[in-house]
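Undergrad: fold the stuff below for me.
(one chain, ligands or ions: 1)
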Amino acid sequence: MNILDKIVLRKKEEIAAAKALVSIPDLENSVHFNRTPYVFKEFLLADDRTGIIAEFKRRSPSKGLINGIADVAEVTQAYNAAGASALSVLTDVDFFGGKTDDILAARAANNIPILRKDFMIDEYQILEAKAWGADIILLIASILTPQQINDFGKFAKNLGLNVLLEVHNLEELERSISPNLDAIGVNNRNLGDFTVDIQTSFDLVNKIPDEFLKISESAISNPQTIKDLKAAGFNGFLIGENFMKTDNPGTAIKEFVAQI
Ligand SMILES: O=P(O)(O)OC[C@@H](O)[C@@H](O)c1c[nH]c2ccccc12
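TA: Model prediction:
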């Protein structure tokens, strides 16, 4: 079994446990549930923002522990101040060290869009995202059928959420396109074996229909890469480890942004 299969298997247990603890009406009655989410596109294309989607990630299956001490409110606020267009917050517990409260803490500290970064396989998780104050959900093509992508996309759009579809190759892209998406992200990391190659983004960018925002995800550590990706047609750049692995992710993003 590859790591992605393990994550999805464990995710099913995590969701069952969450459902037993918090009912759907409870989610619907939470403070953030009726707030109108920020529009991802407005922040991604804003002149005074960088297009960077800055991620808060404590650990990952590929790298192990990345940062065990960073504070989510402090770091996301610094990301925002440095000009991030959006924040990405990992909520997977077992493989990425996330906590439910991380989105709540990031929400309380920031007024820019927040992506709930997780392995979404159930509508319940989309309701959680809304209840916690997230604005964007991620749908990963490699773990979902085209029907699920269409249905989850529609469900999220009906809640006013923005939808980011993640693909890793042309076949996933072609089979997964749906009108219920706002943005398409090319993951430079293969989630099956963790190999990374930025070239994946350059190979796929022109295959993404222009009605979608185009995001390059993972393994970005060089400001020059942002310039190259922009020139190739990307609107957004998802960066986690490059900032999180430092003692001060807020300083790291500031220095990075000064060079793009
Ligand atoms: O830390 P990086 O290499 O900058 O990557 C960030 C982000 O793209 C990565 O965390 C990611 C992309 N897609 C995912 C899906 C699930 C979990 C994590 C991810």
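Undergrad: C-alpha from now on. contacts and neighbour counts both.
TA: Fine.
Undergrad: strands of the stretch 101-250 of the chain, start to end?
TA: Assigned by DSSP state E, counting those that start in this stretch, the strands in the stretch 101-250 of the chain fall at 114-117, 136-140, 162-167, 183-187, 213-217, 236-239.
Undergrad: residue 253: which of the ones you listed is closest?
TA: strand 236-239 (9.5 Å; CA to CA).
Undergrad: what does the closest one contact?
TA: 44, 51-55, 213-221, 226 (CA atoms under 8 Å, 6 or more residues apart in numbering).
Undergrad: off-centre distance for it?
TA: Mean-position distance between strand 236-239 and its chain equals 9 Å (CA atoms, centre = their mean, to the nearest Å).
Undergrad: contacting residues for residue 58?
TA: The contact partners of residue 58, taken as CA under 8 Å, 6+ apart, are 65-68, 70, 96-98, 244.
Undergrad: in PyMOL, select just the buried ones from the residues you listed.
TA: Buried residues within the contacts of residue 58, by 16 or more other CA atoms under 10 Å, are selected in PyMOL with:
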select buried, resi 66+67+70+96+97+98+244
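Undergrad: in helices, which of the contacts of residue 58 fall?
TA: Within these, residues falling in helices by DSSP state H are residue 244.
Undergrad: out of the contacts of residue 58, which are inside strands?
TA: Secondary structure from DSSP state E places residue 65 of those in strands.
Undergrad: if we ignore the residues flanking it in sequence, what's nearest residue 125?
TA: Excluding its sequence neighbours, the residue lying closest to residue 125 (CA to CA, 6 or more residues apart in numbering) is residue 15, at 7.6 Å.
Undergrad: which other residues reach the helix or strand containing that neighbour?
TA: Applying DSSP states H and E as the criterion places residue 15 in helix 3-21. If you take CA under 8 Å, 6+ apart as the criterion, helix 3-21 is touched by 61, 95, 119, 124-125, 143, 191-193.
Undergrad: and the helices in the chain?
TA: According to DSSP H, the helices that the chain contains are 3-21, 24-28, 40-44, 72-81, 100-109, 123-132, 146-158, 170-176, 199-204, 223-232, 241-244, 249-257.
Undergrad: pick the most buried one from those helices.
TA: Mean neighbour counts were taken over the helices of the chain using mean count of other CA atoms under 10 Å, and the top value, a mean of 23, falls to helix 241-244.
Undergrad: the residue lying closest to residue 234 once chain neighbours are set aside: how many residues sit nearby?
TA: Nearest non-adjacent residue to residue 234, counting by CA to CA, 6+ apart: residue 214, 4.9 Å away. By other CA atoms under 10 Å, 28 other residues sit near residue 214.
Undergrad: get me the contact residues on the stretch 101-250 of the chain for the ligand.
TA: Contact residues, the stretch 101-250 of the chain versus the ligand (CA under 6 Å from any ligand atom): 118, 187, 217-220, 238-242.
Undergrad: dump these to JSON lines, plus pLDDT.
TA: Below are those laid out as JSON lines (pLDDT from 0 to 100):
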{"residue": "118", "pLDDT": "98"}
{"residue": "187", "pLDDT": "98"}
{"residue": "217", "pLDDT": "98"}
{"residue": "218", "pLDDT": "98"}
{"residue": "219", "pLDDT": "98"}
{"residue": "220", "pLDDT": "98"}
{"residue": "238", "pLDDT": "98"}
{"residue": "239", "pLDDT": "98"}
{"residue": "240", "pLDDT": "98"}
{"residue": "241", "pLDDT": "98"}
{"residue": "242", "pLDDT": "98"}
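Undergrad: among these, which one lies nearest to residue 38?
TA: Nearest member of these to residue 38, counting by CA to CA, is residue 238, at 17.8 Å.
Undergrad: sorry, back to before: got a markdown table for the helices of the chain, with distance to residue 91 too?
TA: Formatted as a markdown table, the helices of the chain follow (distance: least, CA to CA, whole Å):
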| stretch | distance to residue 91 |
| --- | --- |
| helix 3-21 | 11 |
| helix 24-28 | 16 |
| helix 40-44 | 19 |
| helix 72-81 | 12 |
| helix 100-109 | 6 |
| helix 123-132 | 10 |
| helix 146-158 | 17 |
| helix 170-176 | 24 |
| helix 199-204 | 25 |
| helix 223-232 | 26 |
| helix 241-244 | 15 |
| helix 249-257 | 18 |
